[in-house]
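J.: how does the following fold in three dimensions:
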Amino acid sequence: MHLYKLRAGLKRLFVAIMLSVVGRSLVASSRVEPGIRRELSDLPKGYQIQMVVIPNGPEFVVECNGDGTVDLAKTVKPRVDLRIAFKHVSHAFLVLSFQEATVQAFANDRLVADGDISHAMRLVRCLNRMEGLILPRWIAARAVKRLPEMPFAEKIVKAIRIYAQVMKNLVLFR
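T.: Model (predicted):
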């Protein structure tokens, strides 16, 4: 029984860390990648997007700036505009450890979208583009159906810029 609790606790810790990294990476990607900014540009200023493990698991909340960029939300509305919820920490673990793609998790009914479905699709496209940029090709191929088409050198430069902003965010805003 103790081994089960240890494994469950480690999964939860991994999911919490990864959700924090994904949220910060989305913030950084919205500043570096024009494709992500285009996807998010129609969302109004103050629009909040939450990715969470229900019922009371780890989460991140980003807030749109109205120009295609997002920031981590300083205050969270009582009811966010778009909520993407994993039904269980083990479902989040599958996606965040790149064993299952986000779209496959939706298809397998492991995720729930509460809000405008077209906005949820935009978010998934942004996450896919971000993963395609920052992950090594052999990992990204497991997580993303279609990788972004761009020269290798451009991908590396964007990935470095995104990682640098994530690290800056972690150091300054813990």
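
J.: pLDDT weak spots in the chain?
T.: Applying pLDDT under 70 to the chain picks out residues 1, 140-148, 172-174.

J.: by contact count, what packs against the top helix by length along it?
T.: Assignment by DSSP state H gives helix 2-32 as the longest helix of the chain. Applying 3 or more Cβ pairs under 8 Å, 6 or more residues apart in numbering; DSSP states H and E, we find helix 2-32 packed against helix 34-40, strand 48-53, strand 59-64, strand 70-72, helix 89-96, helix 117-134, helix 152-173. For glycine as for every other residue, the C-beta is placed from the backbone atoms N, C-alpha and C.

J.: measure the residue nearest in space to the middle of the chain to E59 for me?
T.: Nearest to the mean C-alpha position of the chain, counting by Cα atoms, centre = their mean, stands V22 at 4.1 Å. The gap separating V22 from E59 is 11 Å, by Cβ to Cβ, to the nearest Å.

J.: any common contacting residues for the two?
T.: Each of M51 lies in contact with both V22 and E59 under the rule Cβ atoms under 8 Å, 6 or more residues apart in numbering.

J.: and stretch 74-84, how far apart are its ends?
T.: Start-to-end span of stretch 74-84 (Cα to Cα, to the nearest Å) is 19 Å.

J.: quick one: contacts of it?
T.: Around stretch 74-84, the neighbours that count as contacts under Cβ under 8 Å, 6+ apart are 47-52, 61, 63, 111-116, 119-120, 123.

J.: could you dump the helices and strands packed on helix 2-32 to JSON lines with distance to A105 and mean neighbour count?
T.: Shown next, in JSON lines, are the helices and strands packed on helix 2-32 (distance: least, Cβ to Cβ, whole Å; neighbours: other Cβ atoms under 10 Å):
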{"stretch": "helix 34-40", "distance to A105": "20", "mean neighbour count": "19"}
{"stretch": "strand 48-53", "distance to A105": "12", "mean neighbour count": "22"}
{"stretch": "strand 59-64", "distance to A105": "16", "mean neighbour count": "22"}
{"stretch": "strand 70-72", "distance to A105": "22", "mean neighbour count": "19"}
{"stretch": "helix 89-96", "distance to A105": "5", "mean neighbour count": "21"}
{"stretch": "helix 117-134", "distance to A105": "10", "mean neighbour count": "20"}
{"stretch": "helix 152-173", "distance to A105": "23", "mean neighbour count": "14"}
